[in-house]
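**Student:** Fold the following.
(one chain, ligands or ions: 1)
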Amino acid sequence: MKHIDEYRDKKLVDLLLKQIWETSKTPVRLMEVCGGHTVAIRKFGIPELLPSTIKLLSGPGCPVCVTGKSFIDKAIKLSKIPETIITTYGDLMRVPGSSSTLENERANGAEIRMVYSPLDSIEIAKEYPSKKIFFPGIGFETTSPATAVTVLQAKKEKLDNFFLLSAHKIMPPAMEMLIDDEVQIDGYICPGHVSTITGSGIYNGIVENFGLGCVITGFEPVDLLQGILMLVKQFESGNPKVEIQYKRAVKAVGNIKALKLLDEVFELKDDWWRGLGNVPKSGLKLKTEFKKFDAELNFQLNLPEPKEEKGCICGEILKGLKLPSDCKMFGKICTPENPVGACMVSTEGSCQAFYKYQL
Ligand code: SF4
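**Tutor:** Below is the predicted model:
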């Protein structure tokens, strides 16, 4: 428990809070764009500890939450092809599509299997050569390297029955689009896990083009408070820059091996984000040499993006415009047991984090 104790040390927490209260003079709005941060900030009650000058916003950091309903509809459509197995991470199972979920489809007889790694799909593809295996891949730079490895393995094994449905996304275009949007942001608490892969350079454009500070931050109370203090200091001194608070995990150059894998397998595409709509060059699709594994290219999957559930304000929450408690269904009709929208389904969703730690 060494690291847990160190980064939850009450004396350090008190010291950082004292420094934050002394430093913060001007109102500042700081956004996190990481589901892990959303949960940690709520779990440790960080907003209640800060002076009223600092407002924390939650952005589009939960991969399940930003993935559109049409992606679920496409996975369901694929599941209805005869002799098909869908392999998926568990957190996608309960995400609502336009009229069903993968969980419901499984109950109705579709062959849908939960996997812990996309590589499990390769083993299943080898075991059932007469079946088509589809892996719906979601997530940011943290999870996409594992999908890249899976595609390379499928190529190496000369598989003809493995397909990727990709909704993998990269973070910086969405962060930049939000700055132009109606929500006012003065600095980013940058995602710790994504940055272990990408390094810190991906945020340079946010500093250079928009003048916003970026601090890559860890997930414990001391991490979060230190990251906030670094951003407040930058803001008060008018000196925005990219800094790494989470130095024990993130190097400026990132994970070069993982970045090479991503570059080998994927290229950028325009992609749809819940709350933001179409974000240019924010998604990952397979490069031409891997097109035999691309579910979008090999199957008729052109489906429109359906409207959100009536009354669900998940999109506005993902932009930092509203809080889950602003939703009339929050905690009444919509709960983790009976989720209405994606933000309540995912353990990293704002609505579920609020439900668990704020009610
Ligand atoms: S509480 Fe439920 S219905 Fe309301 S915004 Fe969140 S996910 Fe949507």
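
**Student:** In stretch 35-52, which residues are buried?
**Tutor:** For stretch 35-52, the neighbour count (16 or more other CB atoms under 10 Å) marks 35-42, 44, 46, 49-50 as buried. Where you see a C-beta, it was placed from the backbone N, CA and C, and this is true even at glycine.

**Student:** Can you tell me, leaving aside adjacent residues, what's nearest to whichever residue of the stretch 101-250 of the chain sits closest to the ligand?
**Tutor:** Nearest residue of the stretch 101-250 of the chain to the ligand, counting by CB to the nearest ligand atom: Thr101, 13.8 Å away. Leaving aside its sequence neighbours, Thr101 sits nearest to Arg94 (CB to CB, 6 or more residues apart in numbering; 5.5 Å).

**Student:** longest single strand anywhere in this protein?
**Tutor:** strand 277-286 (DSSP state E).

**Student:** And the next helix or strand past that strand?
**Tutor:** helix 295-298 (DSSP states H and E).

**Student:** how about the helices in the stretch 151-300 of the chain?
**Tutor:** All helices of the stretch 151-300 of the chain, identified by DSSP state H, counting those that start in this stretch, fall at 172-180, 192-198, 204-210, 221-237, 256-265, 295-298.

**Student:** Rebuild the ones you listed as JSON lines, extending it with distance to the ligand, mean neighbour count and mean pLDDT.
**Tutor:** Formatted as JSON lines, the helices of the stretch 151-300 of the chain follow (distance: least, CB to the nearest ligand atom, whole Å; neighbours: other CB atoms under 10 Å; pLDDT from 0 to 100):
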{"stretch": "helix 172-180", "distance to the ligand": "18", "mean neighbour count": "20", "mean pLDDT": "93"}
{"stretch": "helix 192-198", "distance to the ligand": "23", "mean neighbour count": "24", "mean pLDDT": "97"}
{"stretch": "helix 204-210", "distance to the ligand": "27", "mean neighbour count": "15", "mean pLDDT": "97"}
{"stretch": "helix 221-237", "distance to the ligand": "23", "mean neighbour count": "22", "mean pLDDT": "98"}
{"stretch": "helix 256-265", "distance to the ligand": "31", "mean neighbour count": "16", "mean pLDDT": "98"}
{"stretch": "helix 295-298", "distance to the ligand": "27", "mean neighbour count": "16", "mean pLDDT": "96"}
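
**Student:** Turn these into CSV, including distance to Leu15.
**Tutor:** Output for the helices of the stretch 151-300 of the chain, formatted as CSV (distance: least, CB to CB, whole Å):
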stretch, distance to Leu15
helix 172-180, 30
helix 192-198, 22
helix 204-210, 27
helix 221-237, 9
helix 256-265, 35
helix 295-298, 52
